[in-house]
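Participant: Need coordinates for the following:
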Amino acid sequence: QVQLVESGGGLVQAGGSLRLSCAASGIIGLFNAMGWYRQAPGKQREVVASISSVGRTVYDDSVKGRFTISRDNAMTTVLLQMNDLKPEDTAVYYCKGVYDWPRREYWGQGTQVTVSS
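Facilitator: Residues are numbered from 1 along each chain as shown. You can find the predicted model right below:
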């Protein structure tokens with residue numbers, strides 16, 4: 001059974017940093033991609049950053065230059081280094097792992113990030 005477990009969330013002041021970690025277990029083979037999403041109260045879940053099995057990264061414009069996604073070679077752990085945090089970054093952050101064929105997606109339970117002004 002595939003499980004994704006996030007950690008590293010918390011409360012931080014604006015301008016501070018946090019590092020989120022997502023550990024995957026029960027996977028067979030490599031995820032084709034892993035990513036971080038976030039959902040703020042009253043808003044839809046949105047993609048923050050993603051990384052492919054070959055290391056290609058994609059970032060939402062709102063976090064470019066502040067957040068960095070990385071992964072281990074086995075695609076069992078994905079990190080999100082978040083610097084210069086802003087109050088608008090406050091959300092529940094979710095990790096996702098994807099197999100392309102057949103298409104399967106797995107989500108973690110989420111970790112709360114709160115940035116105070």
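
Participant: what about residue 88, which SS state?
Facilitator: helix (DSSP: H, G, I helix; E, B strand; the rest coil).

Participant: Pick out the residue nearest the middle of the protein.
Facilitator: By C-alpha atoms, centre = their mean, the chain has its centre lying nearest to residue 36, at 2.3 Å.

Participant: I figured that one hits residue 93, correct?
Facilitator: Yes. In this structure, residue 36 is within contact of residue 93 by C-beta atoms under 8 Å, at 5.9 Å. Bear in mind the C-beta positions are built from the backbone N, C-alpha and C, glycine included.

Participant: Tell me the residues that contact both of those two, please.
Facilitator: 20, 48, 80 (C-beta atoms under 8 Å, 6 or more residues apart in numbering).

Participant: so which of those would you say is closest to residue 40?
Facilitator: residue 48 (11.4 Å; C-beta to C-beta).

Participant: Model confidence at the residue nearest to that closest one when sequence neighbours are not counted, what's the number?
Facilitator: Once flanking residues are discounted, residue 48 sits nearest to residue 36: 4.4 Å by C-beta to C-beta, 6 or more residues apart in numbering. If you check residue 36, the pLDDT there is 98.
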